[in-house]
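[1] only geometry, no sequence info:
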Ligand SMILES: Cc1ncc(C[n+]2csc(CCOP(=O)(O)OP(=O)(O)O)c2C)c(N)n1
Ligand SMILES: Cc1ncc(C[n+]2csc(CCOP(=O)(O)OP(=O)(O)O)c2C)c(N)n1
Ligand SMILES: [Mg+2]
Ligand SMILES: [Mg+2]
C-alpha cells in the first residue's frame, strides 16, 4: 500500500469542536494515540443510539430495495441488465456518511444503493428501473444509468472503467473553481485493469485533483476471481505507480468504513489530492440477476455472509446500546414500508410517451 | 523500483564456460562479489580490443547514419516526420548486444538505429526513408515504420504506446510455442502514460510473458519535460502496480547497458517473465527534424552531451587498450564509408510503381 | 443435419478450427471458465485447455493488441469482445494496428485474427450497450466485416474468417444466439464476400443482415399476402460487399430497400444505396429506400426502444414507398 | 479585415471565447508551453495562464474523459487532439460517454465540449498518421461534426462550436494551417449546420469540405475554362448536414459530385449521395458521382500517396462523367 500522509495532516474539519458538521448524523470518533480506529467500547460512546438506528435503517433500506428489485425483475416487471449490490451495503453507506451534500459521486452500473445514498429518492430509482416517466432519468437510462444533477450523482455508467476519467474531470472542475469539495468514484476489481483508469490516476496525481477512487473489491468481475486476471493480490498497489496515497479497508463493517474514510475525505478537502482506497467486500448474488454464480462454492458465499454488514451493525447495536431483535425488526419494518411506497409509486408512474425517445439527442 | 530477483537466478546461459555464445562479439563481464557491475580495470580485461572496436564502429554507424539522414532531409531528399536517435545510441547498441538473432524487437517511431542494430541493412533503412522500392517496407512505411519479419523487427510504430500490447502478443506466442526467446519493446517517457501500456503490463505480468519493456527516458515527450505530465520522478515505478521486476540504468554508457541488461535477458529466457527497465538518456536534436527544441537550454543540452556515449566509449578504449585518436578516427571512417554506400544504394534504388499502392491491403 | 442454436454453430466452428490448426486460440473476457458471457465458447476450455482458451482482464485495448501481436508472430487468434460496445475501446488496435500492419510492412506481417462478438441492440440495455458498429468498421480498408443471420451461415462464415489471413470483424447478436437452424454434419466453409438470396422475389430487392434479415423475411412474408414479391438478399459479408449479387437483383426488380440496424448517416445502407444509384441508375424505378434505427441514442424503456429500432411496419412502409403505394 | 492564417483564425476564436467565458479552457498535448504542435494555441498560455491552458500527458482516452467529466460539472472544455489519428484512442469517451450522456440522463447533463484537431492526410506521414475520420464520427447521434475550409469559416464556426451545448467534433488539417484568408475585425459567429455556396454555378453541384474544398475550387476553375459551370457547395458542418442547401442546388444543376477525402465505403459522401438520390430522384440527370481516397491504407512514398488521394484529374473526370462527357 502506498504510504499515507493522511494521519499527519492537520485538518480543522475533523475537529468537531471548531467545525461541527451539522449535515451529518454520524460523527467521526476521535482517534486514539496511535491514530488507529477505536475499539468497540469507544465506539459505543461515540455513536448515539439514534445515529446507529439511522444507519441501520438506511442499510436495511439498501438491502430491502435490492431484494425488491430482484423480485420485481423475476415477476417480469422490467428487463435488461440488473446488477444488485446486496452484501456491499456497508461501503456505500459508510462512504456516503463521510460526504457533504455538495460533494460529488460517480459510479458504474451496480449503483442503485449508491444513488439512493446520494439522495435520489428510492421512488425515482424504482421508476427508472420500470422505465417510467418519474424515473431519475425518465426511463431513458435504466438500471445501469441512474443520474441526478441536483444530487450530484453523475451516473450510473455501463462501460467498465469509463467513469474513472469522468471523475477526474469532475475533480478538475473543483480545482478550477477552487472549491473545497471532493469526488467519490467507485469502480470494481475488474474495472481497475482498464487503461483509462491508469490514465486517470496519472492525471489526478499530476494535477492534484480531489478524487477518491474506491475499488469495490468484491473479488469477482462477472465469473472471474480477480486474482486470475491481475498479478497482484492488493489492488491498491495500483496507486504506487503514481505515488498516490492508498489504503485498504474492511468494507463489510459500516463503522470501519466511516472511521477509515472520514479523515481521508476531510484531508482531501483541505489539501486537494487524489486517494485510492481498496475496499474488501463481497456480492451475495450473481453478477447480474441472470447469473447463477456457479463459479463460487456455497461455502465461500456462506463465509462472507457470516460477515454480513447488517448483522454486524445489529450485533454492535445490541452490545453497545442494548437494542433487541424486536427493535431491530421495527427499524427493518420502516425500511420495508419505504420500499413498498417506492415500488407503488413506480407502479403508478406513467410510461413515457414515445416522443421522449426523440428528445435529449442534442441540447439547445 | 520493484525488487529484482534477477541476481539470484541461476542461469547457465550467463556462464560463458558452459555455454559460450558464438553469435555475440561482446561477452558479459563477470560480476563481483556484491553482484555490482565491474569497474573499469576489470572491464579492461574483459572486453577485447577487437570487441571494443566493433562496438565503437557500430555506435558510430548509428550516429553517422542519423546525421546523414538529417542532411538528406534538409536537402529535401525526403519528407514527412523524421525522428532522430542521436544521443541515445548506447542504449540501442547495448541492448542489442545482449540478444540472440532469434529474439524479437518492437519499437516506436524513433527506431532507425534499433532497426539497423536488429539486422536491417542501413541500405534498406535509407531506401525506406527515400520511399524507394528497396526499402525494408518497399517505401510504403517510411521513417516511422521500419519492418523486417526476417530479422524479427516488428516495427516501427507511429501510435505512441500502441506497440506495447503488440509486444505482449509476441511474448504470448513465445510462451504458446514454448520457446526460449525474449521480446524487447521500446517506448518513451511520454508513451509510458498511455493506458494501453498499463493494460499490457498487467497482461504480461499475469501471464508471465518474456517481454522486456524499456522506457527510453530521454526526459522529453516532444516539448514536454516528463516530470510535468506524470507524478513520479522514476518511471520504472509503473512496474510496482503489477509487482513486475524493474530497475534503472544509465543509458549513456554502452558497457553499463550491456552489463545491466545481459543478466536480465538471460534470466528471462530461462524463467519467462516480464521486466521493466528505465534507461536514462537524452536526445540531442529536436523531437523531429522540424522541432527547434526551444524548450531546453543550451546548457542542459551541453551537459548531456558531455556524457556522450561515443566519447565515453572512446575514452574507455584509450585508457583500457591504448587506442589513440587516429585509430578511433579510422574506425569512424569505416562507419562513414558504410553510410556513403547505404545512401548511394538508396539514391539508386527505383521509386515504386504506383500499382504498389494497391497491393497489401488484404492478404490472400 | 442437426438443429443447432446460433451459439452452438459458432462454438462448433471454433472447436473444429482449433482442432484443425494448433495455432488457433481464443481469448476474451469470461470465454474460458464461464464458457462465455453468452455461452458461445461452451466446452472449449475443457477440450483445449487453458493455454488455448484464455480469460482476459477487462482490458479490451490491451488484449486486442495481444491478439494483433500474436498474429504478427504467427498465431491465429480469435478475440471475443463481450459486445462491440466495449470493442470500441480497442479501435486503435483494430484500426491503426490490425488493419494497417500488412500494408505498412509491405506484406511482411499478416494479421490473421478474428474479432468477434455481439453487435447492436439486445433488449432494454440502454444507450451504452446497444450500438451497432458496422458503419465504423466497414469504412476501414484492411478489415473484413462479416455479419451472419443464421446458424448455418454463422458456422460456415466463422470457419472462413478463422482461416482468412486478414483481420476479420465478426458481428453477432445477443438476440440471435438462441435462434435455431439446420447445420450439416459434414464440414463446410462459406467463402467471405459472397451474399445469399434468402428468398427469391420479383418486385423489390430487400437487403438485410444479422437480426434485420429476420425482420426482412417477416416483411416479405407479410407483403406476399398483399401480392408484393420481395427478393430478400443477405449480403452476409459487409466488407467486401457482394455487389454483383446486389446489382443483379436490382436489375431484375428495379427497386431496392435496405434494412440496417445502424444509424442512418453513412454506413453500409448508404453505401449500398450509393452504389446501386450509381451502377443501376437507369434500372431503378424508385429511389433506394432505407430503414435504419432512428437517429437517436438508445433509450431504456421498452416502448421507446421499440420506437427507435427498425420494425415490421417501417420495413413494409419503405417497400411500399418504392412501389409508390400509399400506406 | 485582417489576413490571417488558418491557425491564427482558430487561435483567435479560442482566445475570444476564453475571454468571454471563464468556463472555457483548453487542454491537450503540447498546447501550452509549446504553443501547440501546429501552433494553433500560440500565446494562449501567456494570456490565460496554466489553469486554463493545460499540457496533458499522452493519454487521449484519459484527458478526453477529463473533458467530458469537467463538462458534466459545468465547464466548457476545448480538447485538442494532436491529430485525429490519436483521437481514436478516445472514441470510447467520445462515443459512449460524450455523445450519450445528455440522452441517458434525460437532459440533465449537457456536455458542452469541443474536440478539435487535424484530420486526414498531411504529406508523407504514412498509414497511421493519415486517416480521415468523418465517416465514423458523423455516424453518431449526439455529436456535431464541423469541418471548415477557410480561416473565415474556421473562426466563426469554432466560436459557435465552443458556445454550443453539445459535444462538437472539429476537424482541421495540418495542410491548411498556413492557408491565409480574410477575417473580419469585428466579432462574428457562423451557426453550425449551415452550408455555404463557395462558387455559384449551373451545370453540376460539386460538394466538398476541408482540404477537398480547395481541390473542388481548382477543378471548378479548370472546368469553367471548358465551359462547364460548377456550383461548389461547402457544407462546413457535416453533422447535421445542410440538406436543404444541397437539395436546392441539385434541383438547379441536376447533377452532383461529392469529393470526400475519407474512404469511399459509407461515410459523408455516401450519405449525401443517398439523400440526394432519395429526395432529388426525379431531378437527377446522372448518378451522384463520388471522389474518395482509394480504398487502400496510406502509403508513405510521395507518388503513391498522390495516387491514393483525390486529385484534380479525378474530380474533373467525375464531373465530366455526370455530364456524360468522355475524358
Ligand atoms: C469496457 C467493458 N468491458 C466489458 C464489459 C462487460 N462487463 C460488465 S460488468 C463486467 C465485470 C466487471 O467487474 P467488476 O469491475 O469487478 O465490478 P462488479 O461487477 O464486481 O461490481 C464486465 C466484464 C463492460 N461493461 N465494459
Ligand atoms: C497516441 C498518440 N498520441 C500522440 C502522438 C503524437 N506524438 C508523437 S511522438 C510524441 C511524444 C512522445 O514522447 P516519448 O514517448 O517520450 O518519445 P520520444 O519522442 O522522446 O522518443 C507525441 C505526443 C502519437 N503519435 N500517438
Ligand atoms: Mg467485482
Ligand atoms: Mg521522450
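    Now that the structure is in, tell me what you want to look at. If you're wondering where the values come from, they're calculated on a predicted model, not measured in any experiment. Ligands and ions are numbered 1, 2, ... in the order given.
[2] buried set for the longest helix along chain A?
    When chain A is parsed with DSSP state H, its longest helix is helix A:49-74. For helix A:49-74, the neighbour count (16 or more other C-beta atoms under 10 Å in any protein chain shown) marks A:51-66, A:68-69, A:72-73 as buried. C-beta coordinates here come from the backbone N, C-alpha and C atoms, glycine included.
[3] ok, stretch C:188-202 next?
    C:189, C:190, C:192, C:193, C:195, C:196, C:198, C:199, C:201.
[4] and those residues, which two are furthest apart?
    The most widely separated members of these, counting by C-beta to C-beta, are C:189 and C:201 (27.9 Å).
[5] list the contacts for the residue nearest to residue C:65 when sequence neighbours are not counted?
    Spatial nearest neighbour of residue C:65, chain neighbours left out: residue B:165 (2.4 Å); criterion: C-beta to C-beta, 6 or more residues apart in numbering or on different chains. By C-beta atoms under 8 Å, 6 or more residues apart in numbering or on different chains, the residues touching residue B:165 are B:196, B:199-200, B:203, C:61-66, C:68-69, C:93.
[6] for the residue most central in space within chain C, give its distance to residue C:118.
    In chain C, the residue lying closest to the centroid (C-alpha atoms, centre = their mean) is residue C:147, at 1.6 Å. Relative to residue C:118, residue C:147 is positioned 11 Å away (C-beta to C-beta, to the nearest Å).
[7] what about the helix or strand hosting residue A:168, distance to the chain center?
    Residue A:168 belongs to helix A:163-176 when assigned by DSSP states H and E. Its chain's average C-alpha position is 18 Å from that of helix A:163-176, according to C-alpha atoms, centre = their mean, to the nearest Å.
[8] any part of the next helix or strand after it near ligand 3?
    Downstream of helix A:163-176, the first helix or strand assigned by DSSP H and E is strand A:183-188. Yes. Residues of strand A:183-188 contacting ligand 3 under C-beta under 5 Å from the ion: residue A:188.
[9] now the next helix or strand after strand A:183-188 and helix B:163-176, what's the angle there?
    Where DSSP H and E defines the elements, the next helix or strand beyond strand A:183-188 is helix A:195-207. Helix A:195-207 runs at 130 degrees relative to helix B:163-176, counting by axes from the mean of the first three to the mean of the last three C-alpha atoms, to 10 degrees.
[10] check the model's average confidence along helix A:195-207 for me.
    Mean pLDDT, computed over helix A:195-207, is 98.
[11] give me the element residue C:258 is part of.
    If you go by DSSP H and E, residue C:258 is part of strand C:256-263.
[12] what is the neighbour count of the nearest residue to the residue nearest to the centre of chain C once chain neighbours are set aside?
    Nearest-residue entry for residue C:147: residue C:171, 4.1 Å, with adjacent residues in sequence omitted and distances by C-beta to C-beta, 6+ apart. Residues lying near residue C:171 (other C-beta atoms under 10 Å in any protein chain shown) number 26.
[13] repeat for the one 5 residues further on
    One way to gauge burial is a neighbour count; for residue C:176, by other C-beta under 10 Å, it gives 23.
[14] what's the per-residue pLDDT of it here?
    Model confidence at residue C:176, given as pLDDT, is 98.
[15] without its sequence neighbours, what residue ends up closest to it?
    Distances taken as C-beta to C-beta, 6+ apart place residue C:6 nearest to residue C:176, at 4.9 Å, with adjacent residues excluded.
[16] then residue C:38?
    residue C:177 (5.1 Å).
[17] dump the residue contacts of residue 58.
    I went with chain A, as the question did not name one. Applying C-beta under 8 Å, 6+ apart, the residues near residue A:58 are A:93, A:117, A:335.
[18] let's do chain C instead
    A:160, A:161, A:190, A:191, A:193, A:194, A:221, A:229, C:29.
[19] near ligand 3, list only the ones from those.
    residue A:221.
[20] of the contacts of residue C:58, grab the buried ones for ChimeraX.
    Filtering the contacts of residue C:58 down to the buried ones (16+ other C-beta under 10 Å) takes a single ChimeraX command:
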select /A:160,161,190,191,193,194,221,229 /C:29
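[21] rewinding a little: of the buried residues of stretch C:188-202, closest to chain D?
    Nearest to chain D among the buried residues of stretch C:188-202 is residue C:193, at 13.5 Å by C-beta to the nearest C-beta.
[22] element containing whichever residue of chain C sits closest to ligand 3, please.
    Residue nearest to ligand 3 within chain C: residue C:58 (9.7 Å; C-beta to the ion). Residue C:58 belongs to no helix or strand when assigned by DSSP H and E.
[23] go on, residue C:33?
    Using DSSP H and E, no helix or strand contains residue C:33.
[24] returning to what we had before: farthest pair in the contacts of residue C:58?
    Checking these with C-beta to C-beta, the most distant pair is A:161 and A:229, at 13.4 Å.
[25] can you pull the contacts of residue C:25?
    B:176, C:18, C:48, C:51, C:52, C:53, C:54, C:70, C:75, C:76, C:77, C:78.
[26] cool, residue C:31 as well?
    C:40, C:41, C:44, C:45, C:53, C:54, C:55, C:80.
[27] ok so, going back, what's the overlap in contacts for residue C:147 and residue C:118?
    C:171, C:172.
[28] for ligand 3, what are the nearby residues on chain A?
    When proximity is defined by C-beta under 5 Å from the ion, chain A lies next to ligand 3 at A:188, A:189, A:218, A:221.
[29] if you set the cut-off to 6 Å instead, what comes out?
    Within chain A, the residues that sit near ligand 3 (C-beta under 6 Å from the ion) are A:188, A:189, A:190, A:218, A:220, A:221.
[30] which residues sit in contact with the second one?
    Looking back up the chat, that one is residue A:189. A:215, A:216, A:217, A:218, A:219, A:220, A:221, A:226, A:235.
[31] which secondary structure elements does the worst-scoring helix or strand of chain A on mean pLDDT contact?
    In chain A, the helix or strand scored least confidently by mean pLDDT, DSSP states H and E is helix A:40-46, which has a mean of 87. Secondary-structure packing of helix A:40-46 (3 or more C-beta pairs under 8 Å, 6 or more residues apart in numbering or on different chains; DSSP states H and E): helix A:309-321.
[32] mean confidence for the next helix or strand after the helix it packs on?
    Note on helix A:309-321: by DSSP H and E, the next helix or strand toward the C-terminus is helix A:325-348. Mean pLDDT, helix A:325-348: 98.
[33] picking that back up, let me have the buried residues of stretch C:188-202 in TSV, extended by pLDDT.
    Listed next are the buried residues of stretch C:188-202 as TSV, based on pLDDT from 0 to 100:
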residue	pLDDT
C:189	98
C:190	98
C:192	98
C:193	98
C:195	98
C:196	98
C:198	98
C:199	98
C:201	98
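[34] keep only those of these that are in strands.
    Among the buried residues of stretch C:188-202, the ones falling in strands (DSSP state E) are C:196, C:198, C:199.
[35] show me what contacts the first one?
    The one in question is residue C:196. C:153, C:233, C:234, C:236.
[36] check the residues you listed and tell me the two furthest apart.
    C:153 and C:233 (13.1 Å).
[37] so between these two, which is more surrounded?
    residue C:233 (30 against 24).
[38] and the pLDDT for residue C:31?
    Note on residue C:31: pLDDT of 98.
[39] ok, residue C:226 next?
    At residue C:226, pLDDT is 97.
[40] can you get me a residue count around it?
    10.
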